[in-house]
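1. what would the 3D arrangement of this be:
(2 chains)
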Amino acid sequence: MDLMFFYSLRNLLTRRLTTGLTAAGMALVVFVFASIVMLAEGLKKTLVDTGSYDNVVVIRRSAVSEVQSGIERLKASIIETQPEVAIGEDGRRLLAKELVVLITLEKKKSNSPANVIIRGISGSSLELRPQVKLSAGRLPRPGSSEIIAGRSIVKGFKNVGLGENLYFAMRPWTVVGIFDAGNTGYSSEIWGDVDQFMQAFRRPVYSSILFKLRKSSEFESLKKKIESDPRLTLEAKREADYYREQSEMMAKFLRILGQSLTIVFSIGAIVGAMITMYSAVANRTGEIGTLRALGFNRSSILVAFLMESLLLGLIGGFSGLFFASFLQFITVSTTNFQTFSELAFSFKITFEIIYKSLLFSLVMGFIGGILPAFRASRMNIVEALREQ
Amino acid sequence: MAPVIEIKDLTKSYRRGSQSIVVLENLSLDIEESEFLALMGPSGSGKSTLLNLIAGLDKADSGSIRVRGTDISSLSENGLAKWRAENVGFIFQFYNLIPVLTAFENVELPLILTNLSRKERKEHVTTALRLVNLEDRMEHYPRQLSGGQQQRVAIARAVVTDPTILVADEPTGDLDRRSAEEVLGLMEKLSSVIGKTVVMVTHDPRAAKKAGNIKYLEKGVLANAPQASFPECI
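-> Below is the predicted model of the structure:
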């Protein structure tokens, strides 16, 4: 049947303008579909990559994120003394008691204010996050009003450059370093000494405790122990799971937005494909009659025209994906609804997005082509031959 | 020897609104093996309808058409399509070549319905194009060929499957005199040398002269000799 494939393909190529315009309509829909799914995927990947599987985040029970959580010092000490917590090379526990608060900073481009996460770090915070690398300056000295800013914060906000002073919590803070955490959520944070932040923000409690497990397999038993301890009222999650949950609401919103837009746009593209295919059938009535006379049965004609429409969809699909793939080079910054803080992330294309987009373009081609193909296959041979 | 095509009491009518128009009425006709038959008659006499019925493109209201013993009026839609692919070669007035396919691919088209391998198909197509002297034009598209050449490609397409019968509807109707002579010569050769049964509908008396046998149709019935009512046939 390769000849019939070429027949369909060449017919599309012969009608370059209509094929181009119809495929462009489909490409636009696939572009919208792929770009929004890529955005949701980028957000998810950024947050999932933020967490490590062997690290455990402990927050107050029922708190959705670190921002809403509070852990008293006594409770933090109980967690710190658990034997399941790994011990570092220097003999200290690989555990960080941290404070997370939100402050408002002004964006460079729009001058509009946006929430930024301030994280108070302690001893092992950096060791627990090997993906975080200091790219300029130095680390803040404990007990000082020094801070370091994530790469995305420096890029997107005012007054956070190296050596600049920021004023928040009624004190000036000096940016002494810039860190790069790759495409993770940490790049959108500002870090400083936890005790200084607790004092400045008048917060007597930590927000979360992060520690590395001695053995990854001990997580379930430790979780059970922490969550059933009546003194604690805390909840333990693997860090990777915690960040995956952080991405869910926003990713879901983006997916629903994407699907709604795509459905509306796709109706237009399908109607376009249908018009193109109906006119193809009308212009080739004589050809259809000839093929039928030569012995091609109705289903062969149906398949030939459907193939043409599917190819049309596929051309649109590949074109849409081609242009959408360039979005990977763009980083966007928006508020994560779950944490109410600004998060920078990139569009991310995956194999699943590619195949779903192509499948979607094929579905558009199929819906647009089935009725015209059906019409072609049902033509009376003698009447079709007369339409020469 | 039994005739290749046996037509018995064939009746065909069309509906136009509430009116029923009889096109063929109780027509009976036998066509012998290797016969080159020309069907003539004025417009509306039913000759094209008869050709369509013989070729299995249309179905009669009553009567039967047997081709090599097969009653084609009893075949299903798909059965008829398969039968056409195996037994009928078509030559149309306007060649009916597929514009997006090359001469080679146009001739190959009916062969993709067979079980032949790609290599065998290529051999068959080359032989058919050699028969019509167009071997050197096999990669040309129809728009790159003259009318006569296009009709010769159509003849190659008609014979490539080695069908039982060849049906031609005004094969020279769109050609200049020289090309028409070439095409008719080829058809005559197909009948006399290769032994194909050819049924041709024509208005052109010169074309009809090439055929060994001429049948005249008037108002849906066979007439033995040219009548004054359709002088264009004489």
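2. which helix or strand contains the residue nearest to B:S13 when sequence neighbours are not counted?
-> In space, and not counting its chain neighbours, B:S13 is closest to B:V22: 4.5 Å by C-beta to C-beta, 6 or more residues apart in numbering or on different chains. Every residue, glycine included, has its C-beta placed from N, CA and C. B:V22 belongs to strand B:19-31 when assigned by DSSP states H and E.
3. what sits up against that strand?
-> The contact list for strand B:19-31 (C-beta atoms under 8 Å, 6 or more residues apart in numbering or on different chains) reads B:3-15, B:37, B:44, B:46, B:49-50, B:53, B:60, B:63, B:165, B:197, B:199, B:215, B:219-222.
4. which of those fall within helices?
-> In helices, defined here by DSSP state H, the members of the contacts of strand B:19-31 are B:T49, B:L50, B:L53.
5. buried residues in the strand holding B:V22?
-> B:V23, B:L24, B:E25, B:L27, B:L29, B:I31 (16 or more other C-beta atoms under 10 Å in any protein chain shown).
6. nearest to chain B: which residue in the stretch 151-300 of chain A?
-> A:G295 (2.5 Å; C-beta to the nearest C-beta).
7. list the residues that contact that residue.
-> B:A81, B:K82, B:W83, B:R84, B:A85, B:E86, B:V88, B:P110, B:L113.
8. ok, now B:L80?
-> B:L80 neighbours (C-beta under 8 Å, 6+ apart): B:G56, B:I72.
9. and for residue 219, the neighbour number?
-> No chain specified, so I'll use chain A. 18 (other C-beta atoms under 10 Å in any protein chain shown).
10. my question was about chain B
-> Neighbourhood size, B:K219 [other C-beta under 10 Å]: 15.
11. which residues touch it?
-> B:E25, B:S45, B:G46.
12. residues from chain B in reach of chain A?
-> B:52, B:55, B:57-58, B:77-78, B:81-86, B:88, B:90, B:92-94, B:96, B:98-101, B:105, B:108-110, B:112-113, B:157 (C-beta under 8 Å from any C-beta of the partner chain).
13. give me that answer again for 7 Å
-> B:52, B:57-58, B:78, B:81-82, B:84-85, B:90, B:94, B:96, B:98, B:100-101, B:105, B:108-110, B:112-113 (C-beta under 7 Å from any C-beta of the partner chain).
14. mind checking which of these land in strands?
-> B:F90 (DSSP state E).
15. list buried members of the residues of chain B next to chain A by neighbour count.
-> B:52, B:57-58, B:81-82, B:84-85, B:90, B:94, B:96, B:98, B:100-101, B:105, B:108-110, B:112-113.
16. against A:A384, how distant is the residue nearest to B:S13?
-> 24 Å (C-beta to C-beta, to the nearest Å).
17. and for B:E188?
-> From B:E188 to A:A384 the distance is 30 Å (C-beta to C-beta).
18. and B:R16, by the same measure?
-> To A:A384, B:R16 is 19 Å away according to C-beta to C-beta.
19. neighbour-wise, which of those two wins?
-> Using other C-beta under 10 Å as the criterion, B:R16 and A:A384 rank with A:A384 on top: 22 against 8.
20. so which helix or strand takes in that one?
-> Assigned by DSSP H and E, A:A384 falls in helix A:381-386.
21. mind giving me the packing neighbours of that helix?
-> helix A:285-294 (3 or more C-beta pairs under 7 Å, 6 or more residues apart in numbering or on different chains; DSSP states H and E).
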